[in-house]
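1. Following is a predicted model, sequence given first.
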Amino acid sequence: MSKAAEKFRIFLELVKFEHSIFALPYAYIGALYGAAVLANEWPKLSDLLWITVVMVGARAFAFVVNRAVDKEIDARNPRTAGRAIPAGLIKAWELWLFSAVMLGAYLFGVWQLAPVTRLLWPIPLAAFMIYPYTKRFTPLCHYWLGLCLGLAPVGGWVAVGAPIGHLSPWVLGGAVLLWTAGFDIIYATQDVECDQRDDVHSMPADLGIPRALVQTRISHVLTVILLAYGGYVAGAGWAWFLGVGVAGALLWYENNIVKATDLTKVNAAFFTVNGVIAVIVFVGALVDRLLA
């Protein structure tokens, strides 16, 4: 049992299960406002359950692919050499069995949601599988990662049967895209020397850390604007905009604790602040719907 528990812990670490807090709240937000626009109702609890299964399954599958593709790069980087795959903590058959189970969970969940999702399910998987290769060709890889997470509010919206042509989920998706790209640029400042040595592209490695961090600030200003506009298009009330305002203040804080001359707080900015931002925005949406 102790070996099984340890293996389970390794898999949780492999897929960074705790990072689900970044995208999952935005899928719920899409479901909340999608159900409101569709019929001025709440999403069914069963829909929220299956959205959770779909999000966790897809994200875990994507992480396995990403880690497998990047295993040689990770092995050469002291910060990532201890990860499960380059460190040899997981056997190949265990890795692909786990990925198959996660893919199966994703597909099973999709088939429990609105029929349109049965047509759209390959799109997120394609985006996830392309992502690890983008860093080999372009520093725009951060924005492709943003696209992957930006599908969350769109996915939650269509999962409850709301019209895919509505502007709101796409605007909210754009906000999540820019938010993610911005904090991923911050995260990439840790690996500049290794990325330059291994010809891995990132904004900090290609453009330099100061210029990359300016790009993050611009992305995060646009994030707040798009969150506000997306809520306006969805008919959100004051609680949504209060949540967006608090998120904006946290983004300001995040961008001020990470400087080109002081990267000691990168992990605090990446993990803690962004997790809080996602929760705050979701709580704003939830309170807004409760008061509607």
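-> Received, thanks. Numbers count the residues shown, from 1 in each chain.
2. Counting neighbours, what do you get for residue 274?
-> When neighbours are counted by other Cβ atoms under 10 Å, residue 274 registers 25. Using the backbone N, CA and C atoms, a C-beta is placed for each residue, glycine as well.
3. just residue 176 next, same as before
-> 31.
4. State the distance from the closest residue to residue 70 other than its chain neighbours to residue 148.
-> The shortest distance from residue 70 to any non-neighbouring residue, by Cβ to Cβ, 6 or more residues apart in numbering, is to residue 132 (5.6 Å). From residue 132 across to residue 148, the span is 11 Å (Cβ to Cβ, to the nearest Å).
5. How about residue 72?
-> Distance from residue 72 to residue 148, by Cβ to Cβ: 22 Å.
6. Neighbour count: those two, which is higher?
-> Legend: neighbour count by other Cβ under 10 Å for residue 72 and residue 148, higher for residue 148 (22 against 10).
7. State the helix or strand in which the more buried one lies.
-> Taking DSSP states H and E as the criterion, residue 148 maps to helix 141-159.
8. Can you name the residues that contact residue 203?
-> Shown in contact with residue 203 (Cβ atoms under 8 Å, 6 or more residues apart in numbering): 139, 142, 185, 188, 211-212, 215.
9. Distance to residue 159 added to the residues you listed, as JSON lines?
-> Formatted as JSON lines, these follow (distance: Cβ to Cβ, whole Å):
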{"residue": "139", "distance to residue 159": "33"}
{"residue": "142", "distance to residue 159": "26"}
{"residue": "185", "distance to residue 159": "30"}
{"residue": "188", "distance to residue 159": "31"}
{"residue": "211", "distance to residue 159": "39"}
{"residue": "212", "distance to residue 159": "35"}
{"residue": "215", "distance to residue 159": "32"}
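10. Filter those down to the buried ones and express that as a ChimeraX selection.
-> Typed into ChimeraX, the line below selects the buried ones among the contacts of residue 203, using 16 or more other Cβ atoms under 10 Å:
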select :139,142,185,188,212,215
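11. Can you add distance to residue 68 and pLDDT and give the contacts of residue 203 back as JSON lines?
-> Listed next are the contacts of residue 203 as JSON lines, based on distance: Cβ to Cβ, whole Å; pLDDT from 0 to 100:
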{"residue": "139", "distance to residue 68": "23", "pLDDT": "97"}
{"residue": "142", "distance to residue 68": "21", "pLDDT": "98"}
{"residue": "185", "distance to residue 68": "24", "pLDDT": "97"}
{"residue": "188", "distance to residue 68": "20", "pLDDT": "95"}
{"residue": "211", "distance to residue 68": "32", "pLDDT": "97"}
{"residue": "212", "distance to residue 68": "27", "pLDDT": "97"}
{"residue": "215", "distance to residue 68": "29", "pLDDT": "97"}
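12. Out of the contacts of residue 203, which sit inside helices?
-> Cross-referencing the contacts of residue 203 against helices under DSSP state H gives 142, 185, 188, 211-212, 215.
13. From those residues, pick the one nearest residue 275.
-> Closest approach between the ones in helices among the contacts of residue 203 and residue 275, by Cβ to Cβ: residue 185, at 17.4 Å.
14. Can you show me the helices along the stretch 101-250 of the chain?
-> Ranges of helices within the stretch 101-250 of the chain are 117-120, 122-134, 141-159, 167-188, 192-198, 203-207, 209-234, 238-257, based on DSSP state H, counting those that start in this stretch.
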